[in-house]
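Student: No sequence on hand, only this structure:
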């Protein structure tokens, strides 16, 4: 598809009074121009969001700002002076803090130790001043409004709380710029709300905030200004009223994505899976659920509501504590993923890099990983057939990979996810469980994955879709099952579902909705 | 092009070649058919261990008990011959290796303790078994039957090096061309992703330990056959040389990456170095020190080259 050239928005002048401003910054990696002529600045007390598809240069820009590597061209001024950061440590010492997608804390240490890591209060002779350490830490936590125990071991905390520790660290160091990289990726809605409150506090203290997120809603609510990157260039900076989803998307991909979701035609067949009185883990609560061929069932609930746990039990990754599972009308026991795969269940896990792929292996080897059984002839592996199956999916899913041997660790998130999907499609499954299938992949790949899910259902596959993104789950599913604390609180036909209906059912005690259950 | 890149990633071939040329030029006795067959024989024993160990390491584990298995199986094959005949004795010796491998594998998988600890304990326990069986003495073969076996040859290659070479080829084939081999890489690369793909992870891990134990027992039998005798301390420190050879051959200690061709080259390079130093009449006490330094140098070089090829991608 040809993309009509869009007139570039006029590049903003370096604003007066900016804490940090980049002018004409460029950065090249061997073979790739990651940034070119980027102008970007952050004012005290504002949230400046950075948008763009994966590979657009957001991470590079953010790393340049945080001192991970220098720019090749252009200048950075910080508090009115031109600076060169020697290292991330240097940038940090000057007051620029990067809060990564992946949390970088020492899990074995306590909250207080993590907050002051690298700057422990010392007594004479180099002894650690434990009293001051914990007193200061408690002070910092109180300041942030966090209900965290300074003595708690970080590894025992939830991801959301670990992130709080990182933010507390930022305030302890008196940062003047805080860069958030996809901070809500692993948070529940409530936790995200708490984060937004913190961001607000930071703003009020005059801290400049750079906010990177794929989630349009967050950008729209939080940002005072939005700068969009595409292919390493700034395609526009929006402020005030001009910040709209439509405009941001247009700047991101050079065209607007109007018809985003196509719900698959309903062609419902025989029942594939039925759960009765199905219980997982310690909770006494049980679930009843049924799914038929050709049906896409969305499973919606907060993180921790038990949706992933439930599906892991179906796939044999967790022990079932009670209840029955029927597969195509017959009672079955699934005690390991091996059993599940033999029956015809595929599972695309939430953690693609850890559980979905072997990053060090090639694209082809990852694709055939779950279906090797089918590729054996007289004890040999039929490598020719393996290659042809790989080629088939590479073409069908438009997987962009230079050779069959390219290690999947080097691919973009979207291509990685396509390989995970290809891996399961190659096993010819009857049921596909997708846990956050589009997390961390760019807009175009997302649309492709959505289309694929629809196609698979139309070809007779049963699909269970777990997603935190409401538009996705509403747009794709035929039926949406909501879960609250391990219990089903709703079973809704997706056509008439609104976001509010879902929110209510996953946040409140289930009694209120008992009468609303259908099916 | 492919092979050039392969060489660049596996500098141990270059190391072996360099040493080969160096010793060929500097000493007159190195480049003789007699000496080269000697080198091949010297590398075969550790080579058998390293070959068995490679899949274990690729799957993300380690087996430190192989040297002790060499001791036990060599004593068994010599000691049992009188009572149950040669074939029976060989079977018992190989069976011991197989069982110990199975035990190691099951312990690692069932107890969930790291293989480093399990096989470290296995190493001590197995060595103890060897001393229990043989006492603190040397056992001698009752006749030459076993020794005669080592004289069999395929072309110019005698039986023990032949077994080693065959094993290298078989193992390489197994890793590259069988489902078991492919799954071994996957498990070492990411255990959780492998479990999720429905791979019977435990089974593959245990199989690799069994094969490894068996190869160690073959090594023990070969050693006993060659010397016509055995003591319980045979194979001491061999596990270390085997691990070094595997790692030097480009197999990643954390698993997920590696192959037999690299292990083979590393075993060969180590044997050439040791042999060449002898040929140069370097005093024996210097040799371990020199080899230690050479190893570190080779590993540093390997790291540099791998980093270079990674950034070039």
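Tutor: Structure's in. What do you need? Here the structure is a predicted model, which is why all the values come from computation and not from measurement.
Student: residues in chain A within reach of chain B, list them.
Tutor: For chain A, the contact set with chain B under Cβ under 8 Å from any Cβ of the partner chain comprises A:30, A:315, A:317, A:336-338, A:340-342, A:347, A:349, A:354-361, A:365, A:368-370, A:372-373, A:375-376, A:379-381, A:383, A:410, A:423. Heads up, the C-betas are built off the backbone N, CA and C, glycines and all.
Student: touching chain A at all, the helix or strand containing residue B:185?
Tutor: Counting by DSSP states H and E, the element that carries residue B:185 is helix B:179-189. Yes - contact of helix B:179-189 with chain A (Cβ under 8 Å from any Cβ) involves B:179, B:182-183, B:185-186, B:189.
Student: buried sites along that helix?
Tutor: Using 16 or more other Cβ atoms under 10 Å in any protein chain shown as the burial criterion, the residues of helix B:179-189 that qualify are B:179-189.
Student: which other helices and strands contact it?
Tutor: helix A:363-367, helix B:33-58, helix B:159-177, helix B:191-196, helix B:201-227 (3 or more Cβ pairs under 8 Å, 6 or more residues apart in numbering or on different chains; DSSP states H and E).
Student: if we go to 7 Å?
Tutor: Helix B:179-189 is packed against helix B:33-58, helix B:159-177, helix B:191-196, helix B:201-227, with contacts defined by 3 or more Cβ pairs under 7 Å, 6 or more residues apart in numbering or on different chains; DSSP states H and E.
Student: which helices and strands sit right next to the longest one?
Tutor: If I follow you right, that is helix B:201-227. Contacts defined by 3+ Cβ pairs under 7 Å, 6+ apart place helix B:201-227 against helix B:33-58, helix B:66-111, helix B:145-151, helix B:159-177, helix B:179-189, helix B:191-196.
Student: Could I get the ones you listed in TSV, plus columns for mean pLDDT?
Tutor: As requested, the helices and strands packed on helix B:201-227 are exported to TSV (pLDDT from 0 to 100):
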stretch	mean pLDDT
helix B:33-58	92
helix B:66-111	95
helix B:145-151	87
helix B:159-177	93
helix B:179-189	89
helix B:191-196	86
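Student: Nearest to residue B:134, out of those helices?
Tutor: Closest to residue B:134 of these, according to Cβ to Cβ: helix B:66-111, at 4.2 Å.
Student: And the buried residues of helix B:179-189, which is closest to residue A:50?
Tutor: Nearest to residue A:50 among those, with distances taken as Cβ to Cβ, is residue B:189, at 33.2 Å.
Student: What angle do helix B:201-227 and the helix holding residue B:185 make with each other?
Tutor: Helix B:179-189 and helix B:201-227 are oriented at 110 degrees to each other (axes from the mean of the first three to the mean of the last three Cα atoms, to 10 degrees).
Student: okay, the angle between helix B:179-189 and helix B:159-177?
Tutor: 70 degrees.
Student: that older thread, go through the helices and strands packed on helix B:179-189 and pick out the most buried.
Tutor: Of all the helices and strands packed on helix B:179-189, helix B:201-227 carries the top mean neighbour count, a mean of 26, counting by mean count of other Cβ atoms under 10 Å in any protein chain shown.
Student: so for the helix or strand following that one, what's the average pLDDT?
Tutor: The helix or strand immediately downstream of helix B:201-227 is strand B:229-230, counting by DSSP H and E. For strand B:229-230, mean pLDDT rounds to 92.
Student: So residue A:165 sits against residue A:114, correct?
Tutor: Yes - counting by Cβ atoms under 7 Å, residue A:165 does reach residue A:114; the two are 5.5 Å apart.
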